[in-house]
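Colleague: Mind looking at a prediction? Sequence and model below.
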There are 2 protein chains.
Amino acid sequence: MAEGGGAASPGGESLLFLTDEQLRKGIEAMFFAYRGFTADPDRILETRGYGRAHHRAIHFINRQQGQTVNTLLAMLGVTKQSLNRVLRTLIEDGLVESRVGRKDKRERHLFLTEDGKALERSLSEAQRVRMRAAYRSAGPAAVAGFRQVLEAMMDPDLRRHYQAMKDSGT
Amino acid sequence: MAEGGGAASPGGESLLFLTDEQLRKGIEAMFFAYRGFTADPDRILETRGYGRAHHRAIHFINRQQGQTVNTLLAMLGVTKQSLNRVLRTLIEDGLVESRVGRKDKRERHLFLTEDGKALERSLSEAQRVRMRAAYRSAGPAAVAGFRQVLEAMMDPDLRRHYQAMKDSGT
DNA sequence: TTGGAAAGTCAACAAGGCTGACTTAAAACA
DNA sequence: TGTTTTAAGTCAGCCTTGTTGACTTTCCAA
């Protein structure tokens, strides 16, 4: 209700956005939007017998080709057993290549093959289409706000990962 | 970071925010932010032996007390068998009450008990704390943009659910 | 009175998380 | 040199949460 500094007062619009009601709408918006956000890739993945776990692995391997398994693990926040199951099928299917490290031979460096890149493009393009439509309908100012709020919502560790990517522009 | 808003170049603002690079950042922001968004409730749920499925059921029953199972099903987008498993444990644990419909006795109307409401409050408060912090750090304009983009990202069906809630203000 | 909708249940299965224990290879260290 | 630590991978088993399919019960409405 009227927490956060008296949202009920007239002219207090600068605070109104912090009412529990507003926050609840933001929470629900996240829930519904995330469903839409994953819907298109999910459909593509299904035709191949893959799931979201495969998508995540593909996305992050593409983002930084040649990264080690440990790096990927930190990004995904799952156990190596869990990742390994997914990674094994991607390697068997020829979408991912695992190369022994040149300097440190314990490490495996992960790369997308041409097939892997093709799937990555089709998945991310599906997501970009939706994102592009949302961006267009909301406008540039809204997009800036969108990214600002999302960034502030991340856990610090994840935010660092996100920001690291920001700098390494294509 | 000269491109926090995505459109640093003068004049090109209306198009620059639609580059694939910008879209990719938006996609990744969604991914990381959603992890943060669910982290706090997940921790609370774990202590009770519940999962996200229980959280979702509790959230939507609270949102519209007395709704039928079918309504809830449409909102959650899962099968009734899947929902039923979750619902059964919540009823057994005394967090949800299921009342036979007065007019149509086939229907079951779902309500949160006092215990259920207490858990709902603790879950949503955890989420609100994070959301509030994100909102504060991003500012009112960013929040408006955030909600606009999320809404545009939803599937039309889900958007209707979201907007329906919007009107039924507390 | 009967067809069909709403709800619930049982069984079986799959994806994708998890823990724990263990191996192998190689690097790092003392 | 020999020992410890690290990176990766594997096996086994468990849990949650999603799925399909088949079926029953209840009961409204044509």
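Modeller: On my side now, so go ahead.
Colleague: Contacts only, for A:Q67.
Modeller: A:F60, A:I61, A:H109, A:L110 (Cβ atoms under 8 Å, 6 or more residues apart in numbering or on different chains). For the C-beta atoms, the positions are set from N, CA and C on the backbone; glycine is no exception.
Colleague: Could you check how far it is from chain B?
Modeller: 15 Å (Cβ to the nearest Cβ, to the nearest Å).
Colleague: what does A:A126 give?
Modeller: In terms of Cβ to the nearest Cβ, A:A126 sits 10 Å off from chain B.
Colleague: and what of A:H55?
Modeller: Counting by Cβ to the nearest Cβ, the separation of A:H55 from chain B is 10 Å.
Colleague: Closest residue of chain A to DNA strand C?
Modeller: Nearest to DNA strand C in chain A, going by Cβ to the nearest atom of the strand, is A:G51, at a distance of 1.3 Å.
Colleague: What strand or helix carries A:D42?
Modeller: helix A:20-48 (DSSP states H and E).
Colleague: does DNA strand D sit close to whatever helix or strand comes next after that helix?
Modeller: Following helix A:20-48 in sequence order, the next helix or strand is helix A:52-63 (DSSP H and E). No - judged by Cβ under 7 Å from any atom of the strand, helix A:52-63 makes no contact with DNA strand D; its nearest approach is 11.3 Å.
Colleague: Low-confidence regions, chain A specifically.
Modeller: Applying pLDDT under 70 to chain A flags the ranges A:1-17, A:166-170.
Colleague: interface residues of it facing DNA strand C?
Modeller: Contact residues, chain A versus DNA strand C (Cβ under 7 Å from any atom of the strand): A:49-54, A:56, A:77-79, A:81-83, A:85-86, A:103-106.
Colleague: Doesn't A:D104 belong to a strand?
Modeller: No - counting by DSSP: H, G, I helix; E, B strand; the rest coil, one finds A:D104 to be coil, located in no strand.
Colleague: so what's the backbone phi/psi at it?
Modeller: Here is the backbone geometry of A:D104 (degrees, to the nearest 10): phi -110, psi 110.
Colleague: That one: neighbour count?
Modeller: Using other Cβ atoms under 10 Å in any protein chain shown, A:D104 has 9 other residues around it.
Colleague: what's the spacing between it and A:N70?
Modeller: To A:N70, A:D104 is 11 Å away according to Cβ to Cβ, to the nearest Å.
Colleague: re the thing from before, taking the contacts of A:Q67 together, which two end up most distant?
Modeller: Distances among those were taken as Cβ to Cβ; the most separated pair is A:F60 and A:H109, at 13.3 Å.
Colleague: from the contacts of A:Q67, which is closest to chain B?
Modeller: Chain B lies nearest to A:F60 out of those, by Cβ to the nearest Cβ, at 9.2 Å.
Colleague: What are the buried residues along stretch A:109-124?
Modeller: Under the neighbour-count criterion of 16 or more other Cβ atoms under 10 Å in any protein chain shown, stretch A:109-124 has A:H109, A:L110, A:L112, A:G116, A:K117, A:L119, A:E120, A:L123, A:S124 buried.
Colleague: Now do stretch A:55-64: everything it contacts.
Modeller: A:41, A:45, A:67, A:71-72, A:75-76, A:83, A:86-87, A:90, A:95-96, A:110-112, A:116-117, A:119-120, A:123-124, A:165, A:168, B:28, B:31.
Colleague: Restricting to these, which residues neighbour DNA strand D?
Modeller: Answer for those near DNA strand D (Cβ under 7 Å from any atom of the strand): A:L87.
Colleague: Now intersect the contacts of stretch A:55-64 with the helices, please.
Modeller: In this view, the contacts of stretch A:55-64 that belong to helices under DSSP state H are A:41, A:45, A:71-72, A:75-76, A:83, A:86-87, A:90, A:116-117, A:119-120, A:123-124, A:165, B:28, B:31.
Colleague: show me what contacts the residue of chain A found nearest chain B?
Modeller: Across chain A, no residue is closer to chain B than A:G145, which sits at 2.5 Å (Cβ to the nearest Cβ). By Cβ under 8 Å, 6+ apart, the contact set of A:G145 is B:A138, B:G139, B:A141, B:A142, B:V143, B:A144, B:G145, B:F146, B:Q148, B:V149.
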